[in-house]
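Engineer: Pasted the sequence and its predicted model underneath.
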Amino acid sequence: RTDGLITRDSQRKISMKILFCAEAFPEARTRLAALLPDDEILAFPPEKLGAHIAEADVVVPLVSRVDETLIRQGTFGLIQQYGVGLETVDIDAATRNGVMVARIPSEESGNAASVAEHAILLMLMLSRRWNQIAQTREQGTRVAWGSPAGQAMLGKTVCILGLGGVGRELARRLSGFRVRIVTVDDHPGRTVPGVEIARSYPLEQLAGALAEADYVALCINYTPDRFHLIGASEIAAMKKGVFIVNVARGGLLDPDALLSALRAGQVAGAGLDVFWDEPVDMAHPVFRENVIATPHIAGVTDVSYESIAKAFAENMKRYAAGEKPLYLANAPARLRAAGSGRNAR
């Protein structure tokens, strides 16, 4: 044994069962299958996890809830996210039960760069009134050349909420658009080398930053205490006609407050890649307003998926060999040992 992990003969092929807690993001499993040919990769919808959790050696949460009940139903020793977000994982419960939890940092995988590109795509589509253009085309009406007039980003103010990996990559890309950048962050003193930031606000002064913005980009990590961080009062503090883009997590933005603000014209449009429920019900009235919605694909690119898959596969090999995975989010005092699915086979 090494640090509570089972050490295996390095010449022996390892066969583990890696359980994805949803059937979404199918390309992730395809890429992993090519890198981990000796392992079995399974995927079930959340409502069927209970019937299969005992089979798992490693659990991949995606956007599904992994709580203490599910953890205790299984004998797996590692929860490995295919990416960054761990807001659906009860890390304290995992630690109590001797289960390691790991993520893959966004800047190292190319995920942050991909998400930042997508945020700019949403800003540009809103600015250039893409919904109106698409509606005209779909209705088959004669297009009036030179209409509709769009809004240039040049000279506008963009508020980046959260200066982590995605926020920093977004700031780097926005600097080429010659916009004015203000930031809100929960880590005082963070900067972006080579990028001019007009003003930096602590999270406690969020309203002041929002009041300056023509565009608000949500890039901050989601935690339970940040549920509806952007609600009715925060939207009221924004300029009339602001654009809101959310590429972080759906729980940050109150959909009812957003709907009211869209109807009142306080918010001119929203670009959403993440939602209050996923998969989201597209019959929700907010989608009848000027909203551009994409199905949680901001980070789904060739670059990010290739890098994430390689980092994920490396952690699987480390775990199977009895080594601690990289990028752990917890440190259980005692790890699950004999009786886990991996150790039992």
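Structural biologist: Cool, got the structure. The structure presented is a predicted model; accordingly, all values stated were derived computationally and were not measured.

Engineer: going forward, measure contacts and count neighbours with C-alpha atoms only.
Structural biologist: Fine.

Engineer: Okay, now the unreliable bits of the chain?
Structural biologist: 1-14, 140-144, 337-345 (pLDDT under 70).

Engineer: residue ranges of the helices in it, please?
Structural biologist: 26-35, 49-52, 68-73, 91-96, 106-109, 111-127, 130-139, 165-174, 206-210, 232-236, 255-264, 302-320, 341-344 (DSSP state H).

Engineer: elements contacting the third one?
Structural biologist: In this structure, helix 68-73 makes packing contacts with helix 91-96, judged by 3 or more Cα pairs under 8 Å, 6 or more residues apart in numbering; DSSP states H and E.

Engineer: Dump the helices of the chain into JSON lines; add distance to Arg226 and mean neighbour count as well.
Structural biologist: As requested, the helices of the chain are arranged in JSON lines below (distance: least, Cα to Cα, whole Å; neighbours: other Cα atoms under 10 Å):
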{"stretch": "helix 26-35", "distance to Arg226": "29", "mean neighbour count": "15"}
{"stretch": "helix 49-52", "distance to Arg226": "28", "mean neighbour count": "15"}
{"stretch": "helix 68-73", "distance to Arg226": "22", "mean neighbour count": "16"}
{"stretch": "helix 91-96", "distance to Arg226": "17", "mean neighbour count": "19"}
{"stretch": "helix 106-109", "distance to Arg226": "20", "mean neighbour count": "18"}
{"stretch": "helix 111-127", "distance to Arg226": "20", "mean neighbour count": "23"}
{"stretch": "helix 130-139", "distance to Arg226": "30", "mean neighbour count": "13"}
{"stretch": "helix 165-174", "distance to Arg226": "17", "mean neighbour count": "22"}
{"stretch": "helix 206-210", "distance to Arg226": "12", "mean neighbour count": "21"}
{"stretch": "helix 232-236", "distance to Arg226": "13", "mean neighbour count": "17"}
{"stretch": "helix 255-264", "distance to Arg226": "14", "mean neighbour count": "18"}
{"stretch": "helix 302-320", "distance to Arg226": "27", "mean neighbour count": "20"}
{"stretch": "helix 341-344", "distance to Arg226": "36", "mean neighbour count": "18"}
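
Engineer: who wins for proximity to Thr183 among the ones you listed?
Structural biologist: helix 206-210 (7.2 Å; Cα to Cα).

Engineer: quick one: contacts of the closest one?
Structural biologist: For helix 206-210, contacts defined as Cα atoms under 8 Å, 6 or more residues apart in numbering pick out 159, 182-184, 201, 216, 234, 237-239.

Engineer: hmm, try it at 6 Å
Structural biologist: 237-238 (Cα atoms under 6 Å, 6 or more residues apart in numbering).

Engineer: same question, stretch 20-30
Structural biologist: 42-46, 60-61.

Engineer: Need those residues in JSON lines (columns: neighbour count and distance to Asp90).
Structural biologist: Shown next, in JSON lines, are these (neighbours: other Cα atoms under 10 Å; distance: Cα to Cα, whole Å):
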{"residue": "Leu42", "neighbour count": "18", "distance to Asp90": "22"}
{"residue": "Ala43", "neighbour count": "19", "distance to Asp90": "20"}
{"residue": "Phe44", "neighbour count": "17", "distance to Asp90": "20"}
{"residue": "Pro45", "neighbour count": "12", "distance to Asp90": "19"}
{"residue": "Pro46", "neighbour count": "16", "distance to Asp90": "16"}
{"residue": "Val60", "neighbour count": "24", "distance to Asp90": "13"}
{"residue": "Pro61", "neighbour count": "23", "distance to Asp90": "11"}
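
Engineer: returning to that earlier point: same list (the helices of the chain) but as JSON lines, adding distance to Ile292.
Structural biologist: Listed next are these as JSON lines, based on distance: least, Cα to Cα, whole Å:
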{"stretch": "helix 26-35", "distance to Ile292": "23"}
{"stretch": "helix 49-52", "distance to Ile292": "32"}
{"stretch": "helix 68-73", "distance to Ile292": "35"}
{"stretch": "helix 91-96", "distance to Ile292": "33"}
{"stretch": "helix 106-109", "distance to Ile292": "24"}
{"stretch": "helix 111-127", "distance to Ile292": "7"}
{"stretch": "helix 130-139", "distance to Ile292": "7"}
{"stretch": "helix 165-174", "distance to Ile292": "19"}
{"stretch": "helix 206-210", "distance to Ile292": "21"}
{"stretch": "helix 232-236", "distance to Ile292": "18"}
{"stretch": "helix 255-264", "distance to Ile292": "13"}
{"stretch": "helix 302-320", "distance to Ile292": "23"}
{"stretch": "helix 341-344", "distance to Ile292": "44"}
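
Engineer: Figure out which of these is closest to Ile244.
Structural biologist: Using Cα to Cα, those put helix 111-127 closest to Ile244, at 8.3 Å.

Engineer: outside of the closest one, which residues touch it?
Structural biologist: Counting by Cα under 6 Å, 6+ apart, 106, 150-151, 165-166, 169-170, 271, 298-299, 304 sit against helix 111-127.

Engineer: Also stretch 275-283?
Structural biologist: Contacts for stretch 275-283 (Cα under 6 Å, 6+ apart): 250-251.

Engineer: what about that stretch, how long is it end to end?
Structural biologist: 13 Å (Cα to Cα, to the nearest Å).
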